[in-house]
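# Got a predicted structure plus its sequence, pasted below:
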Amino acid sequence: MGASVLLFLIACLLAPSDTAVLGRCMVAKNLHEGGLRVFDGYSLENWVCLAYFESKFNPTAVHENLHGVYIGFGLFQIRNNSWCEHGKSLCRVSCSALLNPNLKKTIECAKKIGKRRDGSMAFLDPELPEL
């Protein structure tokens, strides 16, 4: 009995783990500490929901869209063609900086996107006209 418990514990320690994916509570804590508790009409719940549906709480996620028009980076899948270094760089940040699990640069960029008059829709298309 003791040997099987010891083998189980060793197996758990040796098994690869996906440390990049954050838990919901950790995401909420980081976003709250970064000033997104309530930001320009969006609640912390809105930001956590966006993070889940964009990256499944994976701050290192990188996804290219089907047509190769843009690549999404990080927790919020911020697009490279307008927000980070490869395009207009409206966030004035490198795309790789958006992949850091501490979320500091991601939150700073999300605030810039959220402050636009078109708000969260700017995540979808930064070319939307200002109202």
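Structure's in. What do you need? Owing to the predicted nature of the structure, the values given are computational and were not obtained by experimental measurement. Numbers count the residues shown, from 1 in each chain.
# Would you state the strands of this structure in chain order?
Under the criterion DSSP state E, the chain carries strands at the ranges 38-39, 42-43, 62-64, 71-73, 78-79.
# Mean neighbour count, those: which tops it?
Of all the strands of the chain, strand 78-79 has the most neighbours on average by mean count of other CB atoms under 10 Å, namely a mean of 26. For the C-beta atoms, the positions are set from N, CA and C on the backbone; glycine is no exception.
# residues in contact with that strand?
70-73, 84, 87, 91, 95, 98, 106, 109-110, 113, 123, 126 (CB atoms under 8 Å, 6 or more residues apart in numbering).
# Buried among those? Need that as a selection in PyMOL.
If you want just the buried ones from the contacts of strand 78-79 in PyMOL, going by 16 or more other CB atoms under 10 Å, the selection is:
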select buried, resi 70+71+72+73+84+91+95+98+106+109+110+113+123+126
